[in-house]
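Colleague: A predicted structure for the sequence below; I have some questions about it.
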Amino acid sequence: IFWRTIGLLITFFLLMIWWSFAGRAMSQPSDGLVIVGFLMYAVALAAATALIWKYIRALLKYFKHKENGDMKDKIRPLMGIALLVAASHLLSGCAVIEPGEAGIKVNRLGSNRGVDSTAVLTGMVAYNLFTETIYTLPTLTKNYVWTKSTEEGKPHDESISFNAARGININADVGIMVRVKSIRRIPAVYAKYKLSLDELISGVIHNEVRDIMNRVGGTMDVMDIMSGRKGEFLDEVRSQLNSGVLSENFFFEAVTFVTNPRPDPAVMDAINNVLLATQQANEAEQRIRQKRAEANQKYEAARGDSL
């Protein structure tokens with residue numbers, strides 16, 4: 001009975017490999033392969049049921065002939081059953097890919113070890129716990145804000161600092177809308193970075209946005225970034241993101257300033273003084289125009305009276 005137990009465990013291990021291939025077939029976006037996977041599951045289940053039934057009959061026969069045997073002989077087959085149950089749980093698994101996500105299957109053993117080149121779409125996925133792992137990445141657009149405030153985003157300063165022309169430092173709360181470019185790129189994204197999308201946004205993407213803001217900001221005056229050409233600045237940052245090193249895998253739908261950018265305090269005071277002086281000059285010019293119009297009006301009235 002001991003060798004029968006060993007043989008049964010080996011057979012179950014082979015059935016689990018068969019089971020994993022059935023799960024791979026059922027995970028494909030093809031009705032034909034899903035049917036093949038279902039039939040493979042049915043064959044594996046029928047074979048496992050037949051083997052277990054045959055083993056139980058042999059076990060009952062063994063106990064019938066060993067009723068007076070020692071305890072060691074009685075425990076040995078029970079240990080085999082325990083190992084069989086443990087193996088059946090350890091080698092099989094099931095994951096559910098939610099809507100808005102795609103799964104990545106990673107093979108840990110064999111000649112195909114590594115990230116599977118095909119993303120697993122929404123639905124149930126069967127896999128071998130011993131040889132495979134399932135990870136997920138979102139396929140929908142991710143809206144994220146990097147702020148100085150600890151009450152939004154992460155509980156620490158995530159704001160971006162960059163330089164305008166003449167080395168003037170600007171700190172800003174920045175928002176982005178980003179998604180993986182296509183579902184077929186998801187395995188490549190995981191194979192390259194081995195990070196979740198949130199981790200990518202906090203690290204790789206954050207750094208790239210900061211570098212491009214420095215590059216674009218260095219060509220513009222701080223007054224332009226603060227006021228009239230703010231939209232032009234953000235559009236150029238977005239354009240360079242969608243043509244740079246991240247463009248192979250990611251698409252940026254929007255880059256925005258969540259709040260007004262914050263230059264150094266001394267620069268901000270100078271900007272406020274310039275804005276105030278400009279406002280006062282505009283008001284003075286408006287008053288001059290108004291007085292000139294009033295004088296012209298009085299002149300025309302006097303001229304009409306003289307006629």
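Modeller: On my side now, so go ahead.

Colleague: Could you double-check that residue 136 sits in contact with residue 99?
Modeller: No - assessed by Cβ atoms under 8 Å, residue 136 is found out of contact with residue 99, at 11.5 Å. In short, each C-beta sits where N, CA and C put it, glycine included.

Colleague: between these two, who's got more neighbours?
Modeller: Comparing residue 136 with residue 99 by other Cβ atoms under 10 Å, the one with more neighbours is residue 136, at 21 against 9.

Colleague: and the nearest residue to residue 212 once chain neighbours are set aside, how many neighbours does it have?
Modeller: Leaving aside its sequence neighbours, residue 212 sits nearest to residue 240 (Cβ to Cβ, 6 or more residues apart in numbering; 4.8 Å). The local packing of residue 240 (other Cβ under 10 Å) involves 19 other residues.

Colleague: helix or strand right after the helix or strand hosting residue 240?
Modeller: Assigned by DSSP states H and E, residue 240 belongs to helix 230-241. With elements assigned by DSSP H and E, the helix or strand that comes after helix 230-241 is strand 250-257.

Colleague: what comes up buried for that following strand?
Modeller: 250, 251, 252, 255, 256, 257 (16 or more other Cβ atoms under 10 Å).

Colleague: In CSV: the residues you listed, plus pLDDT.
Modeller: Below are these laid out as CSV (pLDDT from 0 to 100):
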residue, pLDDT
250, 94
251, 95
252, 96
255, 96
256, 95
257, 95
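
Colleague: which among those residues gets closest to residue 224?
Modeller: residue 257 (13.4 Å; Cβ to Cβ).

Colleague: where's residue 147 relative to residue 171, distance?
Modeller: 11 Å (Cβ to Cβ, to the nearest Å).

Colleague: which residues are common contacts for these two?
Modeller: residue 159 (Cβ atoms under 8 Å, 6 or more residues apart in numbering).

Colleague: quick one, which of the two is more surrounded?
Modeller: residue 147 (19 against 14).

Colleague: Would you check that that one makes contact with residue 173?
Modeller: Yes - using Cβ under 8 Å, residue 147 is in contact with residue 173, at 4.2 Å.

Colleague: Pull up the overlap in contacts between those two.
Modeller: By Cβ under 8 Å, 6+ apart, the residues touching both residue 147 and residue 173 are 159, 258, 259.
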